[in-house]
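> mind looking at a prediction? Sequence and model below.
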Amino acid sequence: PTRQRERAMKGFRSAGAAQRFLSAFSGISPHFRPRRHLMNAPDHRTGTTLRFAIWDQITGTVGRPTTA
């Protein structure tokens, strides 16, 4: 976790800005990084689909067209 935080901190102008981002990000990050080595492929795909559906509901992006 410390190395991840150091790597993420490289793009920030100050330690305070990095800390504010990482304090929020630390609650979101595990949601998208399941313990893959404990799952088989179909379960991983199902879980990923579910995670992104939940994320879309939370962020309010359900039904919005993508810009890509």
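Looks like it came in fine.
> spatially central residue in the protein, please.
Nearest to the mean C-alpha position of the chain, counting by C-alpha atoms, centre = their mean, stands residue 29 at 3.7 Å.
> can you name every helix or strand that the helix or strand where that residue lies contacts?
In the assignment (DSSP states H and E), residue 29 maps to helix 15-32. Judged by 3 or more C-beta pairs under 8 Å, 6 or more residues apart in numbering; DSSP states H and E, the packing partners of helix 15-32 are helix 2-9, helix 41-59. (Glycine included, C-beta is placed from N, CA and C.)
> could you export those helices as JSON lines, including mean neighbour count and distance to residue 20?
Below are those laid out as JSON lines (neighbours: other C-beta atoms under 10 Å; distance: least, C-beta to C-beta, whole Å):
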{"stretch": "helix 2-9", "mean neighbour count": "11", "distance to residue 20": "11"}
{"stretch": "helix 41-59", "mean neighbour count": "11", "distance to residue 20": "19"}
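> among those, which gets the worst mean confidence?
Note on the helices and strands packed on helix 15-32: lowest mean pLDDT is at helix 2-9, with a mean of 70.
> ok, and what's touching that helix?
If you take C-beta atoms under 8 Å, 6 or more residues apart in numbering as the criterion, helix 2-9 is touched by 15, 18, 21-22, 25.
> who's in contact with the residue nearest to the centre of the chain?
Contacts of residue 29 (C-beta under 8 Å, 6+ apart): none.
> residue 11 - how many residues pack around it?
Burial measure for residue 11: 9 neighbouring residues, criterion other C-beta atoms under 10 Å.
> how near is it to residue 18?
Residue 11 sits at a distance of 8 Å from residue 18 (criterion: C-beta to C-beta, to the nearest Å).
> what do you get for residue 34?
25 Å.
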